[in-house]
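Student: Need coordinates for the following:
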Amino acid sequence: MAPLQLAITLLPDTFAVCRLPAGAELPAWAASGAFYAVTRTVDELSIVCAQGQVPAGVACQPGWRCLQVAGPLDFALTGVLASLAQPLAAAGVSIFAISTYDTDYLLIQDGAVEAARAALRSAGHTLA
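Tutor: Numbers count the residues shown, from 1 in each chain. Predicted coordinates for the structure are as follows:
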């Protein structure tokens, strides 16, 4: 099987990954903007949203940039995240992955954008 060659776009915003208590209601600030993701588990409510939307006092990790894989991706396609995560890991770039029905997103720290671009290009991916 030939290596995957994916088209990737760096979204313009800077994001934060936030943690609220498991029983917290979804706050209005979390569910706005062009891109946000919400995951509830029995242990927490995790929110990824534009950094500027997060109110003071909310537990969060700021400074994330988002790489969007061009989609939609076929559900039968295998190795998508691996084809991205492996070269990024080899370059020392940490990721926070989010998958949707149509595609995948990788959040990387703002300071790692250039290293991520170089690693992904070397792996055969294209970046817009």
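Student: now Ala90, nearest residue through space, not along the chain?
Tutor: Computed as Cβ to Cβ, 6 or more residues apart in numbering, the closest residue to Ala90 that is not its neighbour in sequence is Ala119, at 6.8 Å. No exception for glycine: its C-beta is placed from N, CA and C like everyone else's.
Student: cool, Ala89 as well?
Tutor: Spatial nearest neighbour of Ala89, chain neighbours left out: Ile95 (8.0 Å); criterion: Cβ to Cβ, 6+ apart.
Student: what sits against the one you found?
Tutor: Listed by Cβ atoms under 8 Å, 6 or more residues apart in numbering, the contact set of Ile95 reads 84-85, 88-89, 106-108.
Student: Give me the pLDDT value at it.
Tutor: Here, the pLDDT recorded for Ile95 equals 97.
Student: Pro3 now?
Tutor: Reading off the per-residue confidence, Pro3 sits at a pLDDT of 72.
Student: number of nearby residues for it?
Tutor: Burial measure for Pro3: 10 neighbouring residues, criterion other Cβ atoms under 10 Å.
Student: Distance-wise, check it relative to Val54.
Tutor: 37 Å (Cβ to Cβ, to the nearest Å).
Student: swap in Ile108?
Tutor: 18 Å.
Student: looking at this, Gln61 is in a strand?
Tutor: Yes: if the criterion is DSSP: H, G, I helix; E, B strand; the rest coil, then Gln61 is within a strand.
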